[in-house]
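1. sequence unknown, structure follows:
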């Protein structure tokens, strides 16, 4: 049980360090508040003594021209435009460095899929197996019914007829499996 004692002492050390950090943080906060309170009081006194008007930010005219001629000095110069004619000519001539555009787009890849498409895909294999088993079971049940009917109507069983019926059913099942 030495490990829990070591872990508990480490946890206690970490808790003590955390408390010290919290106290330092609180002290810093208190000092900042005191400084802000002192400086706010001094600034209020300075503002009362100085009755000079405050300077407002100057407007920057980017999107429109000012009506007043006084404001034309603040107007930003027009940006230099890039000549795109060579770029357009390159694109028009077909000399591009990128991959060629894809002309044939398969619409099925663009169409959104139903939310359960992946479930259907995963279950499809299992359903195929179950279908095969179901057809085999149905074939077996029909064979049994035919045998019972033949025994009941004739009294004797016609084996040639039974064999031909079962072979047709088996052949039909093999075709379904493929």
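-> The structure has been received and is ready for your questions. The model shown is predicted, which means the values in this text are computed figures rather than measured ones.
2. let me see the domain layout of this protein.
-> Using automatic domain parsing, the domain ranges for the chain come out as 10-48, 117-177.
3. just for the chain, where's the confidence low?
-> Within the chain, the segments meeting pLDDT under 70 span 1-5, 39-53, 92-111, 153-158, 176-178.
4. which parts of it are helices?
-> In the chain, the helices defined using DSSP state H lie at 2-49, 85-93, 107-110, 117-154, 159-177.
5. for residue 70, which of those is the nearest?
-> Closest to residue 70 of these, according to CB to CB: helix 2-49, at 29.7 Å. Where C-beta positions appear, they are placed from N, C-alpha and C, glycine not excepted.
6. turn the domains of the chain into CSV, columns for mean neighbour count and distance to residue 58.
-> Formatted as CSV, the domains of the chain follow (neighbours: other CB atoms under 10 Å; distance: least, CB to CB, whole Å):
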stretch, mean neighbour count, distance to residue 58
domain 10-48, 10, 23
domain 117-177, 11, 60
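7. most centrally placed residue in the chain?
-> By CA atoms, centre = their mean, the mean C-alpha position of the chain lies nearest to residue 115, the distance being 14.0 Å.
8. ok, that residue - contacts?
-> With contact set as CB atoms under 8 Å, 6 or more residues apart in numbering, residue 115 has no partners.
9. do the same with the one 3 residues further on
-> Going by CB under 8 Å, 6+ apart, residue 118 touches no other residue.
10. quick check: which of the helices of the chain is nearest to residue 73?
-> It is, among the helices of the chain and with distance given as CB to CB, helix 2-49, at 30.9 Å.
11. so what's the gap between stretch 160-168 and the chain middle?
-> On the basis of CA atoms, centre = their mean, to the nearest Å, stretch 160-168 sits 59 Å off its chain's mean C-alpha point.
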